[in-house]
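> Any chance you can model this:
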Amino acid sequence: MKSRKTSNLLFFMGLVVVFLLFFHRPLLIAAGKYLTPEGSGDADSVIVEGCDLAIGKGIQVGMSLLSSGKAGRLIIIYHYPGNEGNPGTSAHYSFISRKVEQVGLKEDHIHLIGTPDNHPITLTDAKNVLNYLSNTKARSAILLTEGFHARRSYSAYRQTALPLDIHIIPVPYFLSSGNHAYGNDDWWQRTDGIHSFF
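Below is the predicted model of the structure:
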């Protein structure tokens, strides 16, 4: 009886290994796509979440969406220590506005919103940004989020936006490191992709 259970267990484990050998790629792609939900459509605003203020990829993608007419303004979130109050943004604003003007956008198309770095940070960001958008009568926003953080960010923003009647459209982007940016189709082949996924 014991040897039969052992042989059944070994057979089952063998099937799992064979299944993973032949179907690991579609499973890993599906796992990546699950963590990076992607919507489509135009919106009142583009929210760039979790970026630096040095015109990183998120801001570049946001400016591209503005240039193409997909949204009317760019909301850039920056964090400040929660116990220090909201410091002035003049240096940040003038730096970004110069960059925005270089690509042909007007200064009034960008809005910097400072949020305290209180945990949970994503939910804190969502509450501050969506209250601002609600006060400006916005009805929709594209949420730009880096890679595999997209599912968590989208959930926090969607939950917060629901009572405010604001539609959130998730748009993930992947950062490039070295000569190749990883994506959903090859993230497990790169150390930074595996690190980001887990």
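> did I read that right, H195 in a helix?
Yes. Judged by DSSP: H, G, I helix; E, B strand; the rest coil, H195 forms part of a helix.
> Tell me how many other residues surround it.
Burial of H195 is recorded as 10 neighbouring residues (other CB atoms under 10 Å). The C-beta positions use only the backbone N, C-alpha and C, and glycine is treated the same way.
> I142 now?
Number of residues near I142 (other CB under 10 Å) recorded here: 26.
> Same question for I194.
12.
> Output the helix or strand containing S155 as CSV, restricted to C-alpha atoms.
According to DSSP states H and E, S155 maps onto helix 150-161. The C-alpha atoms that make up helix 150-161 are tabulated as CSV, following Å, rounded to 0.1, in the frame of the first residue of the first chain:
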residue,chain,number,x,y,z
ALA,A,150,0.8,47.9,-12.0
ARG,A,151,-1.7,45.4,-10.5
ARG,A,152,-1.3,46.7,-7.0
SER,A,153,-1.4,50.4,-8.1
TYR,A,154,-4.4,49.8,-10.3
SER,A,155,-6.3,48.1,-7.5
ALA,A,156,-5.6,51.0,-5.0
TYR,A,157,-6.5,53.7,-7.6
ARG,A,158,-9.6,51.9,-8.8
GLN,A,159,-10.9,51.3,-5.3
THR,A,160,-10.3,54.9,-4.4
ALA,A,161,-11.7,56.3,-7.7
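> in its sheet, what does the helix or strand following it sit against?
Going down the chain from helix 150-161, the next helix or strand is strand 167-173, by DSSP H and E. Next to strand 167-173 in the sheet, as set by DSSP bridges, lie strand 140-146 (parallel).
> from the middle of its chain, how far away would the strand it pairs with be?
Distance, stretch centre to chain centre, for strand 140-146: 7 Å (CA atoms, centre = their mean, to the nearest Å).
> Any buried residues in that strand, and which?
Residues of strand 140-146 classed as buried under the neighbour-count rule (16 or more other CB atoms under 10 Å) are S140, A141, I142, L143, L144, T145, E146.
> quick revisit: okay, the angle between the helix holding S155 and strand 167-173?
160 degrees (axes from the mean of the first three to the mean of the last three CA atoms, to 10 degrees).
> ok, residues contacting helix 150-161?
Here helix 150-161 makes contact (CB atoms under 8 Å, 6 or more residues apart in numbering) with 34-38, 47, 49-50, 120, 122-123, 125-127, 130, 141, 143, 145, 167-168, 170, 172.
> and it, what's its mean pLDDT?
Mean pLDDT, helix 150-161: 94.
> Look at stretch 60-76 and report the distance between its end residues.
11 Å (CA to CA, to the nearest Å).
> can you give me how far it is from the chain middle?
15 Å.
> and if you look at stretch 5-16?
Remark: stretch 5-16 is offset 41 Å from the chain centroid, using CA atoms, centre = their mean.
> Tell me the one of the buried residues of strand 140-146 nearest G56?
Nearest to G56 among these is E146, at 8.9 Å by CB to CB.
> Quick check, the closest one in contact with P170.
No. Assessed by CB atoms under 8 Å, E146 is found out of contact with P170, at 11.9 Å.
> Cool, thanks, signing off.
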